Each structure stands twice: as C-alpha cells, then as structure tokens.
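> Sharing a model that was predicted from the sequence below.
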Amino acid sequence: MKEEQIRKAVARRDHEAMEWVMDQYAGLLWKIVYSILHNVSSEEVEECVADAFFSFWQNPLSFQPERSSLKNYLATIAKNKAIDRYRKWNRRSEITYEESIHYVQTEDTLSQLLSKERHQELEQAIESFPEPDREILKRRFYEGQKPLEISEALSLHIRQVHNKIYRSKQRLREWWIQKK
C-alpha cells in the first residue's frame with residue numbers, strides 16, 4: 001500500500017488500514033519510546049505507543065507523504081509523546097513536600113467524590129464491549145495482566161491483543177469525550 005493511499009484510508013476511518021499501520025510500525029515505535037522511557041513499565045511504553053497511533057488516527061491528514069515517510073512521521077510522533085511523558089514525570093518529582101501533601105489531599109477529595117460514579121459508568125461502558133474485547137480490557141486494566149499473558153490465556157495472537165487494547169482504549173476515549 002502506498003503512503004498516500006494509507007493516509008486517505010485512515011482519513012476515511014478504515015480500520016484495516018490502521019491495523020496495517022500498527023502491524024508495520026508497532027515494533028519500531030515501541031523501541032523508540034522505550035529508548036526514552038526505559039525506566040518505566042512495559043505497560044507505560046505500550047500506552048505511549050498507542051497514544052502515538054491514536055494521534056495519527058485522529059489527524060491522518062497532517063501526515064504529508066511528500067515531506068516525510070510514514071515511518072519517520074510516526075517515529076517523530078512517538079518520540080514527542082515519550083518526551084512529553086518523560087518531562088511530565090520529572091516535573092512531578094520536583095514538587096515540594098508541602099505541595100505534594102496539598103496535591104494528594106485535593107486529589108483524594110476530588111477523586112472520592114467522582115470515583116464511585118465514574119467507576120460505575122466506566123464499568124457499564126466496558127460491559128457494552130463485545131467479547132473478547134471486554135475480557136481483554138478486564139484482564140489488562142483490572143487484573144493487571146500483560147498482553148502476552150492475555151494472549152496465552154485467551155489463545156489469541158499477541159498482535160490481536162495489542163490491537164484490541166488499542167481499539168478499546170480508542171472507544172473509551174470517544175465515550176469519555178461524549179460524556180463531557
């Protein structure tokens with residue numbers, strides 16, 4: 001598939017085209033993100049890679065094939081997402097003790113007020129997902145299983161698990177935006 005065709009297909013919301021892009025470039029993006037965020041869990045790296053793909057999915061027309069290859073374009077997005085996360089985590093570690101106590105107290109109060117309601121809404125949204133997507137989400141985010149463990153438990157290819165996690169997170173983001 002030529003890069004202009006990929007760009008147009010993703011702009012038309014062709015899931016197969018996006019799946020092809022993820023299959024082709026997931027390994028590369030994972031290596032790039034991991035080289036920057038090497039001190040974090042593989043789940044954090046996976047999430048950052050998923051965010052890079054989601055960014056392309058949201059705005060495929062910002063990719064200009066005449067200016068760069070898709071490989072370089074996606075690599076740049078992944079690198080920038082990883083750098084942003086790295087900076088964000090470093091800023092958190094620079095908060096003073098007094099600031100952190102206030103932040104935790106404020107966060108705890110707010111999260112307690114919203115947590116129960118949001119948790120129930122999220123559970124309802126996840127319950128509406130078809131199988132095996134629902135089971136994969138529950139195993140990944142509630143039970144903390146890694147994608148390899150999920151693929152073995154459900155007899156799915158690891159790539160399928162990654163793709164289903166990506167698509168499910170995408171649906172949850174869309175749901176969340178609609179809730180606002």
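Right, received. Where do you want to start?
> Would you check that residue 77 makes contact with residue 56?
Yes - contact criterion CB atoms under 8 Å: residue 77 and residue 56 qualify, at 6.4 Å. In short, each C-beta sits where N, CA and C put it, glycine included.
> pretty sure residue 139 contacts residue 156?
No - the criterion here is CB under 8 Å, and residue 139 misses it with residue 156 at 11.1 Å.
> Need the residues touching each of these two.
With contacts taken as CB atoms under 8 Å, 6 or more residues apart in numbering, the residues that reach both residue 139 and residue 156 are residue 150.
> For those two, indicate the residue with more neighbours.
residue 139 (20 against 17; other CB atoms under 10 Å).
> so who does that one touch?
Residue 139 makes contact with 145, 149-150, 153 under the criterion CB under 8 Å, 6+ apart.
> Throw these into CSV and include distance to residue 161, secondary structure and neighbour count, thanks.
Output for those, formatted as CSV (distance: CB to CB, whole Å; DSSP: H, G, I helix; E, B strand; the rest coil; neighbours: other CB atoms under 10 Å):
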residue, distance to residue 161, secondary structure, neighbour count
145, 10, coil, 17
149, 9, helix, 14
150, 5, helix, 24
153, 10, helix, 13
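> With pLDDT added, can I get those residues in TSV?
TSV is the format used below for those (pLDDT from 0 to 100):
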residue	pLDDT
145	84
149	89
150	91
153	90
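> now, among those residues, which is nearest to residue 168?
Among the contacts of residue 139, residue 150 lies closest to residue 168 (CB to CB), at 11.9 Å.
> OK, contacts around that closest one?
So residue 150 contacts 136, 139-140, 156, 161 (CB under 8 Å, 6+ apart).
> again, but for residue 137
Counting by CB under 8 Å, 6+ apart, residue 137 touches 126, 129, 165, 168.
> Domain ranges for this protein, per the record?
1-94, 129-180 (automatic domain parsing).
> re earlier: spell out which two among the contacts of residue 139 are the most distant pair, please.
Spatial extent of the contacts of residue 139 (CB to CB) is set by the pair 145 and 153 at 7.4 Å.
> where does this protein dip in pLDDT?
1, 90-119, 179-180 (pLDDT under 70).
> Which stretches in it count as helices?
Secondary structure of the chain (DSSP state H): helices at 3-11, 15-36, 42-58, 70-93, 97-127, 133-137, 147-154, 158-179.
> between the contacts of residue 139, which is closest to residue 14?
Sorting those by how near they are to residue 14, with CB to CB, puts residue 150 at the top with 26.0 Å.
> where's the closest one relative to residue 123, distance?
Residue 150 sits 19 Å away from residue 123, going by CB to CB, to the nearest Å.
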